[in-house]
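**Q** Structure for this input, please:
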Amino acid sequence: MMGALNFYKINSQGEMEQRVRHVVGNYAMCHDFAMTDRYAIFFLCPAVFKTPLKFLLGFHSIADAMDYNPDMPTKIVVLSLDDLSVVREFETDSFFAFHFSNAYEEDNELVADVCRTDRMGSMDAMRDVFADQEIEDDGSACFYRYRLNLDNGQVLGHKHAGAQGGDFPMWDQRRTGLRNEYAYLGTFVENGTPYGFNALQKVELATGEASIYDFGPGRFTSEALFVPRHAEAEEDDGWLLSVVFNVDSGHSELVILDARNMSEEVAVARLRHHIPFGFHGFWADQVFSS
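**A** Numbering: from 1, shown residues only. Got it, this is the predicted structure:
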């Protein structure tokens, strides 16, 4: 089965200006991508359809319809944001990735931070989010940096040395497409309740050093949003906003941490109900009304 990457360019008025279709072979899934100032970067991981017909007819879920093929390389496609042309394709060792952090350009290289797993276990986990799941920090769900050389096609990747297993990377959105110094991820710690992301980690990207905030037993989070202290604040000068589910109360909490040190909870807004677990969020510094 031949897959294709469809990329759409939409202007600020919500009008589609351009669309391209690029055939990529037997690659069945593309969940996310990274973006620099001039390029879009797609990591196409070797997830292949084994039973596409049953999925299309509604008999199988998307997770049940796909397999991970470790014998296939991971393909990386770079598109120009100017005209949506393919600038270069790369191939590297096989891995699976759902989410990407920021990316930027450095001389003739593109630098991208990726949450990498060496299998497709995250798809298995989504089949039953209530099933017992062990903490894994053995090379799966690791935070990696990739360098893509546009001149010679070389791909170099390394793990951020101190980062623990995690996902849902966030950064100061003002630095999107530009070099950034910090990233924030959901992660696991051993606190007696290892059933989901129960902590946040802050990774200093230049060194790979990570600092951890443990929400405590029975408190689970997903993606944390970075909010700058003010419009001109330096990167990392701001807050992390995280929706946390508290098992003991059965309610959700909006927890605010100081992004610079993550040493204590600056404020906690306790809700009178729970909010179902989500994946992603967005911070807006103004109220929109219709």
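**Q** Worst mean pLDDT across the helices and strands of the chain, which element?
**A** Here the helix or strand of the chain ranked lowest by mean pLDDT, DSSP states H and E is helix 121-127, holding a mean of 52.
**Q** residues of the helix or strand following that one that come out buried?
**A** Next helix or strand after helix 121-127 toward the C-terminus (DSSP states H and E): strand 142-149. Neighbour-count burial for strand 142-149 flags 142-146, 148 (criterion: 16 or more other CB atoms under 10 Å). The C-beta positions use only the backbone N, C-alpha and C, and glycine is treated the same way.
**Q** And for stretch 258-268?
**A** Those would be 258-259, 262, 265, for stretch 258-268 by 16+ other CB under 10 Å.
**Q** show me what contacts the residue nearest the centre of the chain?
**A** What sits nearest the mean C-alpha location of the chain, by CA atoms, centre = their mean, is His99, with 2.6 Å. When contacts are counted by CB atoms under 8 Å, 6 or more residues apart in numbering, His99 touches 31-32, 115, 167-169.
**Q** Mind jotting down where the helices sit in the stretch 51-200 of the chain?
**A** Along the stretch 51-200 of the chain, the segments classed as helices by DSSP state H, counting those that start in this stretch run 52-56, 121-127.
**Q** Need the buried residues of stretch 258-268 in TSV (columns: secondary structure, distance to Glu234 and pLDDT).
**A** Below are the buried residues of stretch 258-268 laid out as TSV (DSSP: H, G, I helix; E, B strand; the rest coil; distance: CB to CB, whole Å; pLDDT from 0 to 100):
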residue	secondary structure	distance to Glu234	pLDDT
Asp258	strand	14	97
Ala259	coil	11	96
Met262	coil	16	92
Glu265	strand	22	95
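**Q** Just flag the most distant two among these.
**A** Ala259 and Glu265 (12.6 Å; CB to CB).
**Q** circling back: from the buried residues of stretch 258-268, which is closest to Val247?
**A** Val247 lies nearest to Glu265 out of the buried residues of stretch 258-268, by CB to CB, at 16.9 Å.
**Q** Can you tell me how far that closest one is from Gln164?
**A** 20 Å (CB to CB, to the nearest Å).
**Q** Same question for His31.
**A** His31 is 22 Å from Gln164, by CB to CB.
**Q** What of Thr193?
**A** Counting by CB to CB, the gap from Thr193 to Gln164 is 16 Å.
**Q** Of those two, which one has the most company?
**A** A side-by-side neighbour count of Thr193 and Gln164, using other CB atoms under 10 Å, places Gln164 first with 19 against 16.
**Q** Please list all residues in contact with the residue nearest to that one when sequence neighbours are not counted.
**A** Sequence neighbours aside, Thr187 is the residue nearest to Gln164 in space, at 5.0 Å (criterion: CB to CB, 6 or more residues apart in numbering). Counting by CB under 8 Å, 6+ apart, Thr187 touches 164-166, 197, 199-201, 212.
**Q** which one of these sits closest to Val227?
**A** Distances from Val227 to these, taken as CB to CB, are shortest for Leu200 (14.1 Å).
**Q** Can you list the low-confidence ranges for this protein?
**A** Counting by pLDDT under 70, the chain contains low-confidence residues at 1-2, 51-52, 55, 62, 120-140, 288-290.
**Q** Kindly provide the distance from the closest residue to Glu105 other than its chain neighbours to Asp258.
**A** Leaving out its chain neighbours, the residue that sits closest to Glu105 by CB to CB, 6+ apart is Thr36, at 4.9 Å. As for Thr36, its distance to Asp258 is 29 Å (criterion: CB to CB).
**Q** if we can go back for a sec, using TSV, lay out the contacts of Thr187 together with distance to Gly218.
**A** As requested, the contacts of Thr187 are exported to TSV (distance: CB to CB, whole Å):
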residue	distance to Gly218
Gln164	20
Gly165	20
Gly166	19
Phe197	13
Ala199	13
Leu200	16
Gln201	19
Ile212	17
